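Colleague: here is a sequence together with a model predicted from it:
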Amino acid sequence: MPAHQLAPDIPSDVLAAEQAHLAESRAALKAMRAHAQSLSSDAAGDWVSQQILQSLLDQRVAALADHPDTPLFFGRLDRATAQEDEPDALPGTIHVGRRHVHDGNSRPLVIDWRAPVSRAFYQASPADPMGIVLRRRFGYHGGALTAFEDEPLGEGVELGPSRILTQEIERPRTGPMRDIVATIQPDQDEIVRSTLAQTVCVQGAPGTGKTAVGLHRAAYLLFTHRERLARSGVMIVGPNRAFLSYISSVLPALGEVKVDQTTVAGLLGEHAASEDPAVAAVKGDARMAAVLGRALWLHIVKPEEGLVYTKGAYRHRVADHEVREIVASLRGTTRYNPGRAALAQRLAHMVLVRMEQRGESPDDRVQDAVARSKPVKQLVDAVWPKLTPEQVLHRLLSDSEFLARAAKSDLSPEEQELLLWRKPYRSWKSAKWSAADAALLDELRDLMERTPSLGHLVVDEAQDLSEMQLRALGRRCRNGSATVLGDLAQGTTPWSTRSWTSVLEHLGQREGEVTELTLGFRVPREVLDYAARLLPSIAPGLAAPQSLRPGAGSLTVREGGSVAQAAEEALAKEGSIGVIVPDAMVAAVSESLAGLPYAVLDPDSTEEHRLLIVPATLAKGLEYDHVVVVEPADIVAAEPRGLARLYVVLTRAVTSLTVLHDKPLPPQLAS
Ligand SMILES: Nc1ncnc2c1ncn2[C@@H]1O[C@H](COP(=O)(O)OP(=O)(O)OP(=O)(O)O)[C@@H](O)[C@H]1O
């Protein structure tokens, strides 16, 4: 039971002492920043080092900015055994916050939430107090500390629910996603703090905090392995730009400004051509990897002629069988482009050997010159031609004979038929590529030249990725690790997965650990139960999701109701409003809302709008305080996995969901 609940019974002297600590910490942070600002990059020797140092100093200054609206610390731990006499010992009382703050004597005033000692703030319980006697959570209003809540951990007393946590969860949503650093739950913390080497895959129902956990894990890893990850990099991959815009401020608020956040299309290339889902499904299948490998290497031509290199009066010859031997020894042991370069060098080396046999003594420079010479280049181009990924894929998708040779028995004749363009493009330069093609091009690119690996990749909504897209992402963390987040029930693409083991396999992270988050922080129970009626049809293996939020009265289902009226009702309340509509109805609904202050969801817009019209296909990962879902039957009918899409849109609401329909509801919901 919390000893001190929020107002009105908060002891004012304790609160005043904490407020004084906050003021001292803010002043200390200001001094740290002033010190960082006073440092000069002039000490660096040359111009380049100076620029690098200046950029580091600028980053440091930016990281030390105090945001008056953000609590500098949100928790406190009173430790049972403080060894203050030890030189580096921490004080007995620790304030846990977003970053380290120390005073002029290096005395820590606030400890970063990611430091090992802060772990107890998230994990300690009466059953396992972890050396903590008392945990204190702080309540804020704006930037002002207004309340606190104590949890005695050393007395073995069962703790009641934290009101500060409840308030945070119940908070009306406005604007972009916020960090959850003050209220990370123990099972979420386990995932956040798993080691860098460990790939983790999180299955979780809507609103269980998967995205939040993925972002906090990125922040945790950057803190714990700063130097290593600064070199290799961390990247977040999300489903679309609207989602990226929604999550974009979480990491900067945690002081991490150097993390790339992108979509699969952003990573593999934006591609416009739309495609029949059946074709996309074949292109997304991992069997395509072998087909592409063969397609590329089929371009190597068996050498029929040798090399003649003329220098002065001499002709140096490399016989055709020797050229064949070199090609055979290189084939399959190298990537395609380095193989080309190696072939030129090996041919040049043979010429050098001939020169030496004639008593010359050529050096390395001669070998390079021979490798770049016209006869060598001509032979290499003929045998091991210069290619682009687009050339190879263009040939594969337009030439049935070539496709058959590359596919062998990996693809059935029907699948090959599906792959071939109905109307082939004249040249690879004019070809229009689809999203599925982008992953194939990426695979070819990697067969030609090794893709560099990042240190860590966070992949959100991973259930929607094709095997070939997973391979593309896997390449980008092949020397690192990944956090894979998703929900098998929310799969809406032609290639959505039904198994996380398979996802990890195609990502190249077989050792990854699959774990589950089960408690929902977003969707009220009543709404979640309603949406869960779809689960037996879309993901029969999954258990019904649980919600922390009762939310009685949060669901309204109206036949023949007007969208404008539902929007007006929502506008009369607090918080953001998402009117989620079938994509084809965006224009019609916009018209019906004329006169209301609405905008159509636009990820690039910097303006804030309380009332947004959201096309159903963009709603994934987003949340709104009040959600109006328009015409479920049309959302279902619009795409092959329309029922899963409906599950996604029904689970975006934080406070209320209104379902409007003229057509009959899908039978699962009607029951
Ligand atoms: N420990 C927590 N404390 C407070 N809020 C939390 C916590 N965990 C998650 N939330 C909140 O719950 C909401 C849902 O979180 P998030 O978007 O990460 O869920 P998700 O599992 O990714 O959902 P979806 O599957 O729908 O994409 C967010 O508003 C998030 O801030």
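Modeller: Arrived safely. Everything quoted here is computed from the prediction, not taken from an experiment.
Colleague: list the contacts of the residue of the stretch 1-150 of the chain at minimum distance from the ligand.
Modeller: Across the stretch 1-150 of the chain, the shortest distance to the ligand (Cβ to the nearest ligand atom) belongs to residue 122, at 9.3 Å. Where you see a C-beta, it was placed from the backbone N, CA and C, and this is true even at glycine. Remark: with contacts taken as Cβ atoms under 8 Å, 6 or more residues apart in numbering, residue 122 is in contact with 184-186, 189.
Colleague: so where is this structure shaky, pLDDT-wise?
Modeller: 1-10, 82-89, 671 (pLDDT under 70).
Colleague: let's see 50
Modeller: 1-7 (pLDDT under 50).
Colleague: for it, which residues are neighbours of the ligand?
Modeller: 168-169, 180, 183-185, 188, 204, 206-212, 487, 490, 521-522, 621, 623, 651 (Cβ under 6 Å from any ligand atom).
Colleague: switch the cut-off to 5 Å
Modeller: By the rule Cβ under 5 Å from any ligand atom, the part of the chain lying against the ligand is 168, 180, 183, 185, 204, 206-212, 487, 521-522, 621.
Colleague: among these, which two are most distant?
Modeller: The span of these, defined through Cβ to Cβ, is set by 168 and 487 at 22.6 Å.
Colleague: by proximity to the ligand, which residue of the stretch 101-250 of the chain wins?
Modeller: residue 209 (3.0 Å).
Colleague: now residue 368. Its backbone dihedrals?
Modeller: phi -60, psi -40 (degrees, to the nearest 10).
Colleague: about what we covered before: the residue of the stretch 1-150 of the chain closest to the ligand: which element?
Modeller: Using DSSP states H and E, residue 122 falls within helix 119-123.
Colleague: can you check residue 203 too?
Modeller: Residue 203 belongs to strand 200-204, assigned by DSSP H and E.
Colleague: in stretch 647-658, what counts as buried?
Modeller: For stretch 647-658, burial by neighbour count (16 or more other Cβ atoms under 10 Å) applies to 647-658.
Colleague: only alpha carbons, please: show the helix holding residue 122 as CSV.
Modeller: The C-alpha coordinates for helix 119-123 follow below in CSV (Å, rounded to 0.1, in the frame of the first residue of the first chain):
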residue,chain,number,x,y,z
ARG,A,119,17.4,-1.2,-12.7
ALA,A,120,16.0,-1.7,-9.2
PHE,A,121,13.6,1.2,-9.9
TYR,A,122,11.9,-1.0,-12.4
GLN,A,123,12.4,-4.5,-11.0
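Colleague: which SSE is immediately downstream of it?
Modeller: Helix 119-123 is succeeded, C-terminally, by strand 132-141 (DSSP H and E).
Colleague: what are the pairing partners of that next one, and which direction each?
Modeller: Looking at strand 132-141 with DSSP bridges, its partner strands are strand 73-79 (antiparallel), strand 144-152 (antiparallel).
Colleague: show me the one of those that comes nearest residue 287.
Modeller: strand 73-79 (50.2 Å).
Colleague: show me what residue 599 is bridged to.
Modeller: Residues in beta-bridge contact with residue 599 (DSSP bridges): residue 612.
Colleague: so who does it touch?
Modeller: 605, 607, 609, 611-613.
Colleague: quick one: the strands in the stretch 1-150 of the chain?
Modeller: For the stretch 1-150 of the chain, the strands defined by DSSP state E, counting those that start in this stretch occupy 73-79, 93-97, 101-102, 108-112, 132-141, 144-152.
Colleague: in TSV: the ones you listed, plus mean neighbour count.
Modeller: Output for the strands of the stretch 1-150 of the chain, formatted as TSV (neighbours: other Cβ atoms under 10 Å):
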stretch	mean neighbour count
strand 73-79	23
strand 93-97	23
strand 101-102	21
strand 108-112	22
strand 132-141	20
strand 144-152	18
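Colleague: quick one, which of those is nearest to residue 335?
Modeller: That would be strand 108-112 among the strands of the stretch 1-150 of the chain, by Cβ to Cβ, at 41.9 Å.
Colleague: what's the closest one packed up against?
Modeller: Counting contacts by 3 or more Cβ pairs under 8 Å, 6 or more residues apart in numbering; DSSP states H and E, strand 108-112 is packed against helix 12-38, strand 93-97, strand 101-102.
Colleague: ranking the ones you listed by burial, who's on top?
Modeller: strand 93-97 (a mean of 23; mean count of other Cβ atoms under 10 Å).
Colleague: what's that strand in contact with?
Modeller: So strand 93-97 is contacted by 21, 25, 71-79, 82, 108-113, 117-118, 121 (Cβ under 8 Å, 6+ apart).
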